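**Student:** Provided below are the primary sequence and the corresponding predicted coordinates.
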Amino acid sequence: MRAFLLLFLLFPVLELYVFFKVSTAIGFFPALLLIIAGSLFGVLVVRVAGLATALSARESLNRGELPAQQMLQGLMVALGGGLLVLPGFISDIAGLLLLLPPVRHFLVNRLRKRAEEQAMRQRAFAEEFETAHRPGTHQPVGREPNVIEGEFEHRDK
């Protein structure tokens, strides 16, 4: 959480630094025009990506398939377009990377694998919970009975 907060505070400073460096290299107004052009391109990408994702999802549903892959692809394109809308060169580069199909496929596959692993862990936990706490047994959740089997002998002095 602290890393996210640090990134959230550091990101605008990095964007300003990069803008300053680019504007000293090519001039202030060309750098400003690049940022405005990037934002306009991002708005266009978000509008087109939303429509394309909706149409692709509808096609998948008509075929009787779940449109998970298309939805994740559309989400990546929309995120890329959103990053392009943000003013700054770092966010524009990240947005352009998300628009490249190989980068999107890599990220979508990684997200899908992570979601599958999470689902497997939750499924394993649910099965373990069901076998430990069958209906009819009155045990508190998360506690196992303290039963020690053995033999004993009572000795008096």
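**Tutor:** Received the coordinates, thanks. Numbering: from 1, shown residues only.

**Student:** buried ones in the longest helix anywhere in the chain?
**Tutor:** Taking DSSP state H as the assignment, the helix of the chain that covers the most residues is helix 28-62. Under the neighbour-count criterion of 16 or more other Cβ atoms under 10 Å, helix 28-62 has 31, 34-35, 38-39, 41-42, 45-46, 49, 53, 56-57, 60 buried. The way it works is simple: take the backbone N, C-alpha and C, and place the C-beta from them, glycine included.

**Student:** name the next helix or strand downstream of that helix, please.
**Tutor:** Later in the chain than helix 28-62, the nearest helix or strand by DSSP states H and E is helix 68-85.

**Student:** mind checking the pLDDT average for that next one?
**Tutor:** Confidence over helix 68-85 (mean pLDDT, whole number) is 84.

**Student:** I'd like to know how far the residue positioned nearest the centre of the chain sits from residue 91.
**Tutor:** The residue lying closest to the centre of the chain (Cα atoms, centre = their mean) is residue 111, at 6.7 Å. Distance, residue 111 to residue 91, using Cβ to Cβ, to the nearest Å: 20 Å.

**Student:** ok, now residue 57?
**Tutor:** Per Cβ to Cβ, residue 57 is found 27 Å from residue 91.

**Student:** then residue 102?
**Tutor:** From residue 102 to residue 91 the distance is 20 Å (Cβ to Cβ).

**Student:** sorry, back to before: what is the longest helix of the chain packed up against?
**Tutor:** Contacts of helix 28-62 with other secondary structure elements, assessed using 3 or more Cβ pairs under 8 Å, 6 or more residues apart in numbering; DSSP states H and E, are made with helix 2-26, helix 68-85, helix 89-99.

**Student:** one more time with 6 Å, if that's ok
**Tutor:** In terms of contacts (3 or more Cβ pairs under 6 Å, 6 or more residues apart in numbering; DSSP states H and E), helix 28-62 is packed against helix 68-85.

**Student:** which residues are in contact with the helix it packs on?
**Tutor:** Helix 68-85 has contacts (Cβ atoms under 6 Å, 6 or more residues apart in numbering) with 38-39, 41-43, 45-46, 49, 53, 56-57, 60, 91-92, 94-95, 98-99, 104, 108.

**Student:** residue 85: neighbouring residues, count only.
**Tutor:** In terms of burial, residue 85 registers 19 neighbours under the definition other Cβ atoms under 10 Å.
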